[in-house]
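Colleague: Quick check, what structure comes out for this input:
(one chain, ligands or ions: 2)
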Amino acid sequence: MSLDALKDDVCRSVDRMRDQLLRISRSIHGNPELAFQEHEASALLVDALRQAGLEVTHGAHGLETAFSAEFGPIRQQGRQGRQGRQGSPCVAILAEYDALPEIGHACGHNLIAIAGVGAALALAALADRLPGRVRVLGTPAEEHGCGKELMRRAGALDGVDAALMMHPGSVNLVSMPCIAMAELGVAYHGRSAHASAMPERGINALDAIVVGYQAVAALRQHIAQDERIHGIITEGGEAPNVVPERTAGRFYVRAANERNLAPLKRRVEACFRAGAEATGATLEVTWGAADYLDLRFNEPLASSFRANAESLGREFFPMEQLPPSIQGSTDMGNVSQHVPSIHPMLAAAPIDCPIHNPEFAKWAGSEQGEKAALDGAKALAMTALDFLSDADLQQRARAVFDAAES
Ligand SMILES: [Zn+2]
Ligand SMILES: [Zn+2]
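Modeller: Ligands and ions are numbered 1, 2, ... in the order given. Here you go, the predicted structure:
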């Protein structure tokens with residue numbers, strides 16, 4: 001069977017599954033679950049895969065709300081693949097489903113969920129016509145917690161030759177501009193006292209975090225243009241007439257890559273130490289279990305996705321016309337530093353409605369959003385077919401990946 005015939009087949013499968021996929025998307029959209037708590041979302045997706053006869057591990061690679069299933073021709077024994085691996089190539093398709101506090105699915109991960117799982121179901125339906133192996137990974141905690149890196153450390157990408165996912169956005173883009181990011185929690189411990197009667201007995205934890213915050217604000221003038229520091233104070237004391245004993249905040253520190261991130265993290269930590277030094281409070285610093293890494297762009301894979309999405313009528317916004325200030329971070333960056341990967345965006349909302357805008361949550365439940373997810377499922381499945389059936393594409397994707405290794 002020709003590649004074109006296989007592509008027609010997966011697109012028809014996605015169309016056939018439309019109602020089922022949209023029911024799942026709407027259900028996840030209507031019940032936003034935060035990082036690591038995506039119990040119902042992951043259960044819905046796992047059920048859909050199991051109904052198609054796939055064997056799924058729910059609670060995979062160390063995370064309760066992660067899942068994993070793999071299918072395709074058995075890897076041949078005794079023959080070493082080009083990368084020292086055995087037999088048929090394996091492509092991973094990733095599905096996210098966590099939401100944001102307060103603003104729900106304003107990042108549209110309900111759409112990512114059905115794009116990834118829809119693609120996997122369509123590929124599974126090819127049965128023995130599938131030209132290689134497919135691993136579908138349900139990846140929790142993208143918005144916070146760096147779930148994909150935790151899963152990678154637990155072996156989720158072992159034996160994978162390429163990783164694919166699609167993210168909704170406000171234009172069609174071959175990739176998302178993404179820099180590295182570290183999550184920081186700070187807490188100050190002071191001593192409470194009556195703020196009027198005996199202030200001299202107190203150690204003011206609010207003053208400490210305010211000094212730390214102001215020091216970060218001063219630091220911002222003297223960092224590289226592509227670096228970012230932003231955060232919130234989550235605990236600021238209990239009563240005006242009590243010297244605050246404990247305060248806390250959460251901050252994100254971003255830089256172009258891991259190498260630039262390390263010194264910036266040290267400078268930010270010094271700002272918060274200044275708050276402790278100035279007030280006598282004790283500082284507690286908690287960095288995230290894993291830093292988010294920048295996305296390593298893979299042109300051969302991205303071009304395959306682009307051509308497949310164009311075949312569905314999508315036109316892509318030129319990356320070079322994006323304002324350079326537009327930068328996000330994603331744990332797909334960590335995946336892309338490990339295997340050749342893509343993280344394209346498909347327009348689910350108008351151009352003036354970016355992700356993480358509360359308005360975007362509405363678009364993630366709209367007809368336009370759902371169209372992006374279904375097109376995403378088709379384009380991901382077709383890109384997986386391109387990769388699995390084309391040794392030259394596999395080789396070029398690997399060569400570009402290796403060349404970018406610093
Ligand atoms: Zn997102
Ligand atoms: Zn997001």
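Colleague: ok, now which ones touch residue 315?
Modeller: Contacts for residue 315 (CB atoms under 8 Å, 6 or more residues apart in numbering) come out as residue 172. (Glycine included, C-beta is placed from N, CA and C.)
Colleague: Outline the domain layout of this protein.
Modeller: Following automatic domain parsing, one gets these domains for the chain: 3-178+295-404, 180-287.
Colleague: where do the strands sit along this structure?
Modeller: 57-58, 67-71, 90-95, 133-138, 162-164, 167-169, 180-189, 228-235, 246-255, 282-287, 341-342, 345-347 (DSSP state E).
Colleague: quick one: low-confidence parts of the stretch 151-300 of the chain?
Modeller: The model of the stretch 151-300 of the chain has no residue with pLDDT under 70.
Colleague: on that earlier part again, highest mean neighbour count out of the strands of the chain?
Modeller: A comparison of the strands of the chain by mean neighbour count, using mean count of other CB atoms under 10 Å, puts strand 341-342 on top with a mean of 29.
Colleague: Need the mean per-residue confidence for it.
Modeller: Strand 341-342 shows a mean pLDDT of 98.
Colleague: on contacts alone, who are the packing partners of it?
Modeller: In this structure, strand 341-342 packs against strand 162-164, helix 299-310, with contacts taken as 3 or more CB pairs under 8 Å, 6 or more residues apart in numbering; DSSP states H and E.
Colleague: Show me how far the shortest one is from its chain's centre.
Modeller: What it means is strand 162-164. Relative to the mean C-alpha coordinate of its chain, strand 162-164 is positioned 13 Å out (CA atoms, centre = their mean, to the nearest Å).
Colleague: Over to the last one?
Modeller: Chain-centre distance of helix 299-310: 20 Å, with CA atoms, centre = their mean.
Colleague: try stretch 136-148
Modeller: With CA atoms, centre = their mean as the basis, stretch 136-148 stands 6 Å off its chain's centre.
Colleague: what's the span of it, first residue to last?
Modeller: With CA to CA, to the nearest Å as the measure, stretch 136-148 spans 13 Å from end to end.
Colleague: Spatially nearest residue to residue 191, not counting backbone neighbours?
Modeller: In this structure, residue 191 finds its nearest non-sequential neighbour in residue 203, 4.1 Å apart by CB to CB, 6 or more residues apart in numbering.
Colleague: just checking, that neighbour touches residue 244?
Modeller: No. Assessed by CB atoms under 8 Å, residue 203 is found out of contact with residue 244, at 9.3 Å.
Colleague: higher neighbour count, the two?
Modeller: Neighbour count, other CB atoms under 10 Å: between residue 203 and residue 244, residue 244 has more, with 25 against 20.
Colleague: Contacts only, for the more buried one.
Modeller: The contact partners of residue 244, by CB under 8 Å, 6+ apart, come to 190, 192, 204, 205, 206, 236, 237, 238.
Colleague: would you list those residues in CSV and tack on neighbour count and distance to residue 364?
Modeller: Below are those laid out as CSV (neighbours: other CB atoms under 10 Å; distance: CB to CB, whole Å):
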residue, neighbour count, distance to residue 364
190, 24, 42
192, 18, 44
204, 25, 43
205, 30, 39
206, 21, 38
236, 14, 32
237, 19, 37
238, 11, 37
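Colleague: Pick out whichever of the residues you listed sits closest to residue 45.
Modeller: residue 236 (39.0 Å; CB to CB).
Colleague: doesn't residue 213 make contact with that closest one?
Modeller: No. Contact criterion CB under 8 Å: residue 236 and residue 213 do not qualify, at 10.6 Å.
Colleague: what stretches of the stretch 301-406 of the chain score poorly on pLDDT?
Modeller: In the predicted model of the stretch 301-406 of the chain, residues 406 satisfy pLDDT under 70.
Colleague: same thing but at 90, please
Modeller: Applying pLDDT under 90 to the stretch 301-406 of the chain picks out residues 323-327, 404-406.
Colleague: all helices for the stretch 1-150 of the chain, in order.
Modeller: Using DSSP state H, counting those that start in this stretch, the helices of the stretch 1-150 of the chain run over 3-16, 18-30, 39-51, 109-124, 147-153.
Colleague: Just the residues contacting the last one, thanks.
Modeller: In this structure, residues lying in contact with helix 147-153 by CB under 8 Å, 6+ apart are 35-36, 60-63, 66, 94, 98, 137, 139-142, 156-157, 289-293, 331-332, 334-335, 338.
Colleague: Now the common contact residues for residue 203 and residue 244.
Modeller: Here residue 203 and residue 244 share the contacting residues residue 190, scored by CB under 8 Å, 6+ apart.
Colleague: one step back: only the buried members of the contacts of helix 147-153: can you turn that into a ChimeraX selection?
Modeller: Listed next is the ChimeraX selection for buried residues among these, using 16 or more other CB atoms under 10 Å:
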select :35,36,60,61,63,66,94,98,137,139,140,141,142,156,157,290,291,292,293,331,332,334,335,338
